[in-house]
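Enquirer: What follows is a protein structure lacking sequence information:
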């Protein structure tokens with residue numbers, strides 16, 4: 001990409017950050033499987049797999065994540081699985097189960113008129129139609145608020161901003177990416193390809209740098 005084109009893209013992103021990223025409808029025109037390495041610092045600690053399966057005018061997304069961490073004499077494990085059903089850029093439903101180091105959680109999200117019902121560990125609550133889980137594989141996450149936890153349903157008040165075009169390493173090569181940042185109750189740096197594919201995400205947990213990067 002030329003410097004002129006890169007500058008133009010960066011300016012476009014900064015002026016119109018939400019319109020610059022495509023919707024899920026563009027991200028899943030055919031079945032795809034995206035696999036991410038999970039790193040703590042430079043050390044691999046797990047993986048996440050995202051399967052996108054078009055089903056007529058809908059897309060089924062299955063996400064499986066596993067991490068195993070040992071810090072000094074402490075072992076930590078995390079296992080998560082969820083299914084999302086999308087129609088265009090609208091999330092219609094979601095089910096998720098998580099073993100968070102021995103603590104089980106279950107979420108179920110269903111759409112209704114004007115919003116959603118979220119049942120977190122057996123407790124139902126209402127959410128507006130603008131809400132979205134912290135499902136980072138789709139760039140829809142930088143367009144929505146409030147967000148909520150995929151583990152226990154906790155609400156996050158956030159803002160998102162575009163930081164421009166960057167070249168990063170993902171999938172074994174250098175790729176032009178659109179850098180966005182979520183800030184507030186939860187913070188994430190996200191890099192998406194031009195077609196909306198998540199290439200990389202980075203955040204801190206318990207003082208450690210955690211990175212997900214596309215294989």
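Expert: Nice, thanks for sending it over. Computed from a prediction, not measured in an experiment: that's the story for all the values here.
Enquirer: And the residue nearest the centre of the chain?
Expert: Among the residues of the chain, the one closest to the centroid is residue 136, at 0.6 Å (Cα atoms, centre = their mean).
Enquirer: Could you confirm that residue falls within a helix?
Expert: No: using DSSP: H, G, I helix; E, B strand; the rest coil, the secondary structure at residue 136 is coil, not a helix.
Enquirer: excluding its backbone neighbours, what's nearest it?
Expert: residue 201 (5.3 Å; Cβ to Cβ, 6 or more residues apart in numbering). Backbone N, C-alpha and C define where each C-beta goes, glycine included.
Enquirer: For the helix or strand harbouring that neighbour, which strands pair with it and how are they oriented?
Expert: If you go by DSSP states H and E, residue 201 is part of strand 198-205. Strand 198-205 pairs in its sheet with strand 188-192 (antiparallel), strand 208-214 (antiparallel), by DSSP bridges.
Enquirer: JSON lines please, covering those strands and showing mean neighbour count.
Expert: What follows is the strands paired with strand 198-205, written out as JSON lines (neighbours: other Cβ atoms under 10 Å):
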{"stretch": "strand 188-192", "mean neighbour count": "22"}
{"stretch": "strand 208-214", "mean neighbour count": "18"}
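Enquirer: Which among these is found nearest to residue 169?
Expert: Evaluated over the strands paired with strand 198-205, closeness to residue 169 peaks at strand 208-214, with 7.7 Å, by Cβ to Cβ.
Enquirer: wait, what's in contact with the residue nearest to residue 136?
Expert: Residues near residue 201 by Cβ atoms under 8 Å, 6 or more residues apart in numbering: 136, 188-191, 211-212.
Enquirer: 6 Å instead, please
Expert: Going by Cβ atoms under 6 Å, 6 or more residues apart in numbering, residue 201 touches 136, 188, 190, 212.
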